[in-house]
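Asks: How does the following fold in three dimensions:
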Amino acid sequence: MNAQFKKGVLELCVLSLLLERDQYGYELTETLADKMEIAEGTIYPILRRLHAEGYFSAYIQESSGGPPRKYYSLTPKGRLAQAELAADWVHFAGQVSELIGGAVLEQN
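Replies: Purely as a prediction, here's the structure:
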């Protein structure tokens with residue numbers, strides 16, 4: 001997959017995963033890696049930036065199988081940002097699909 005495609009949508013993916021439940025960085029990375037090819041260190045700069053922007057809070061929780069983990073929890077600002085980004089994505093993806101739809105169908 002084109003790296004620029006992923007770069008533009010990873011923020012939305014992270015916020016969307018945190019809508020479901022609080023998660024820690026490695027867990028987010030693993031979930032995303034199951035769906036798309038990403039480098040292990042890709043998510044942490046996004047987490048730092050989104051945390052600094054107030055989209056989620058962070059807390060430390062003890063782990064039964066290792067060191068304490070830093071969990072991320074969406075704030076109301078983060079929920080709003082996720083909803084806005086998701087709406088933008090749906091609109092954008094629809095526009096792109098209209099543009100390439102005929103070309104894709106012709107290739108098949």
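Asks: who touches Y59 in this structure?
Replies: For Y59, the contacting residues are 70-71, 73, by C-beta atoms under 8 Å, 6 or more residues apart in numbering. Where you see a C-beta, it was placed from the backbone N, CA and C, and this is true even at glycine.
Asks: Would you indicate which residues of the least confident helix or strand in the chain by mean pLDDT are buried?
Replies: One helix or strand of the chain scores below all others by mean pLDDT, DSSP states H and E: helix 76-107, with a mean of 87. Residues 78, 81-82, 85 are the ones in helix 76-107 that count as buried (16 or more other C-beta atoms under 10 Å).
Asks: of these, closest to I38?
Replies: Nearest to I38 among the buried residues of helix 76-107 is L85, at 17.9 Å by C-beta to C-beta.
Asks: Now the closest one: closest residue in space, sequence neighbours ignored.
Replies: The spatially closest residue to L85, leaving aside those adjacent along the chain, is L12, at 4.4 Å (C-beta to C-beta, 6 or more residues apart in numbering).
Asks: cool, and G78?
Replies: Nearest residue to G78 in three dimensions, chain neighbours excluded: Y55, at 3.5 Å (C-beta to C-beta, 6+ apart).
Asks: what does Y44 give?
Replies: G25 (5.9 Å).
Asks: Next up, phi/psi of that neighbour, please.
Replies: Main-chain torsions, G25, degrees, to the nearest 10: phi -60, psi -50.
Asks: In this model P45 seems to touch it, though I could be wrong.
Replies: No: counting by C-beta atoms under 8 Å, P45 is not a contact partner of G25; they are 10.8 Å apart.
Asks: just to revisit the earlier point, buried subset of the contacts of Y59, written for ChimeraX?
Replies: Filtering the contacts of Y59 down to the buried ones (16+ other C-beta under 10 Å) takes a single ChimeraX command:
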select :71
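Asks: With distance to L32 added, can I get the contacts of Y59 in CSV?
Replies: Converted to CSV, those look like this (distance: C-beta to C-beta, whole Å):
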residue, distance to L32
K70, 17
Y71, 16
S73, 18
